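J.: can you look at this prediction? I've put the sequence above it.
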Amino acid sequence: FQSTEGDCERAVLHAIDVGYRHIDTAYFYGNEAEVGVAVRKKIAEGVIKREDIFITTKLWCNFHEPERVEYACRKTLENIGLDYVDLYLIHWPFSYKYRGDNELIPKDANGEVELVDIDYLDTWGAMEKLVDLGLTKSIGVSNFNEEQLTRLLANCKIKPIHNQIEVHPALDQKKLIALCKKNGILVTAFSPLGRHNAQLRTPSFMYDGKVQTIADKYNKSIAQVLIRYVMELGTIPLPKSSNPKRIEENFNVFDFKLTAEDHAILDSYHNGERVAHARQAIKSKYYPFNVYSACF
Ligand code: A2P
């Protein structure tokens, strides 16, 4: 997400060499093709086999009408250049009007995003068919709140196996993670570094002496501590970087463990603040972050 042209391919090539085997992309990110080129190169080089790598991608909000889901998935597979993906997610529970494959955020004459009320249960029915067709090995959701997940679980043939959500110290998601765990749903965590911005020096926990002290204790960086924290909350972290050194750093998190005291310090940054709030969709009845309890 947010990589500039060419960066994504270089990052994925390097990540696979370092040992990453789980690559997360999305139609919306516009980089499925670069991910595909890199993965296919590494398969051709014999570094990995197709079955060694787990590729997740996502259905964008303008393709939610059930009759458009298979079309969107096939388009994604064409972008990636593979016969199947491992996991296909509904990117957000709300929907946008379809105005062509490339108009990803359609707007009306007043500049407002054109929302449509397509029930995600209907979209899910079409997602289930993709598994039967062999286009994806499994299906899941992203940015679904507790109520939406519970409703989906009560009305599906195939259970979602993942919910991909934002997780970091300011948004620890303990309640939602617990609900997922109870229902056998794995949680993937995006923005474990709170979408670090070195120019703005945000988020505050990336620049905090208390977190630096924890990092120093293990001879690790703050980023490594945060990735470890998100893992120990019970999630699969998705740190993103296009920088080779940081790609290596973010992988080197398997040789230490945080204590309960470390957790208490990191927990203290929790204030429910999100980096991905999708405010443009706030008027949708399926907007996920109006439910207060779902955020905490
Ligand atoms: P870069 O691509 O230049 O490494 P998040 O995953 O929370 O959304 O954060 C992503 C941001 O954090 C990216 O801008 C990325 O920049 C930066 N980043 C990734 N890994 C590290 C790291 N180990 N230390 C500092 N910043 C990092």
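T.: Received, thanks. Numbers count the residues shown, from 1 in each chain.
J.: which residues of the stretch 101-250 of the chain lie near the ligand?
T.: 191-196, 221, 223, 239-243, 246, 249-250 (Cβ under 6 Å from any ligand atom). Quick note: C-beta positions are derived from backbone N, CA and C, even for glycine.
J.: rerun that using 8 Å as the cut-off
T.: 168, 190-198, 206, 221-224, 238-243, 246-247, 249-250 (Cβ under 8 Å from any ligand atom).
J.: now intersect those with the helices, please.
T.: Among these, the members falling in helices (DSSP state H) are Ile222, Ala223, Gln224, Arg246, Ile247, Glu249, Asn250.
J.: where in this structure is pLDDT low?
T.: 291-296 (pLDDT under 70).
J.: strands along the protein, start to end?
T.: For the chain, applying DSSP state E gives strands covering 22-24, 54-59, 85-90, 95-96, 115-116, 136-142, 162-166, 186-190, 236-238.
J.: give the partner strands of the fourth one in its sheet and their orientations.
T.: Using DSSP bridges, the strands paired with strand 95-96 in its sheet are strand 115-116 (antiparallel).
J.: next, format the ones in helices among the residues of the stretch 101-250 of the chain next to the ligand as TSV and append neighbour count.
T.: Supplementary listing: these in TSV, determined by neighbours: other Cβ atoms under 10 Å:
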residue	neighbour count
Ile222	18
Ala223	20
Gln224	20
Arg246	17
Ile247	20
Glu249	18
Asn250	24
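J.: between which two of these is the distance greatest?
T.: Ile222 and Ile247 (16.4 Å; Cβ to Cβ).
J.: now render the strands of the chain as JSON lines, adding distance to Leu149.
T.: Formatted as JSON lines, these follow (distance: least, Cβ to Cβ, whole Å):
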{"stretch": "strand 22-24", "distance to Leu149": "19"}
{"stretch": "strand 54-59", "distance to Leu149": "16"}
{"stretch": "strand 85-90", "distance to Leu149": "11"}
{"stretch": "strand 95-96", "distance to Leu149": "17"}
{"stretch": "strand 115-116", "distance to Leu149": "21"}
{"stretch": "strand 136-142", "distance to Leu149": "7"}
{"stretch": "strand 162-166", "distance to Leu149": "6"}
{"stretch": "strand 186-190", "distance to Leu149": "11"}
{"stretch": "strand 236-238", "distance to Leu149": "17"}
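J.: so which of those strands is nearest Asn79?
T.: Among these, strand 54-59 sits nearest to Asn79 (Cβ to Cβ), with 8.6 Å.
J.: tell me how many other residues crowd the residue nearest to Phe1 when sequence neighbours are not counted.
T.: Among residues not flanking Phe1 along the chain, Tyr29 sits closest, at 4.9 Å (Cβ to Cβ, 6 or more residues apart in numbering). Tyr29 has 18 neighbouring residues, counting by other Cβ atoms under 10 Å.
J.: ok, so what distance separates Tyr29 from the ligand?
T.: Distance, Tyr29 to the ligand, using Cβ to the nearest ligand atom, to the nearest Å: 12 Å.
J.: wait, what's in contact with that residue?
T.: By Cβ atoms under 8 Å, 6 or more residues apart in numbering, Tyr29 lies in contact with Phe1, Gln2, Ser3.
J.: then Asn62?
T.: Asn62 touches Ser95, Tyr96, Lys97, Tyr98, Arg99, Glu103, Leu104, Pro106, counting by Cβ under 8 Å, 6+ apart.
J.: can I get those residues in JSON lines with distance to Val18 and neighbour count?
T.: Below are these laid out as JSON lines (distance: Cβ to Cβ, whole Å; neighbours: other Cβ atoms under 10 Å):
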{"residue": "Ser95", "distance to Val18": "37", "neighbour count": "25"}
{"residue": "Tyr96", "distance to Val18": "36", "neighbour count": "24"}
{"residue": "Lys97", "distance to Val18": "41", "neighbour count": "17"}
{"residue": "Tyr98", "distance to Val18": "39", "neighbour count": "19"}
{"residue": "Arg99", "distance to Val18": "40", "neighbour count": "13"}
{"residue": "Glu103", "distance to Val18": "36", "neighbour count": "13"}
{"residue": "Leu104", "distance to Val18": "31", "neighbour count": "15"}
{"residue": "Pro106", "distance to Val18": "39", "neighbour count": "17"}
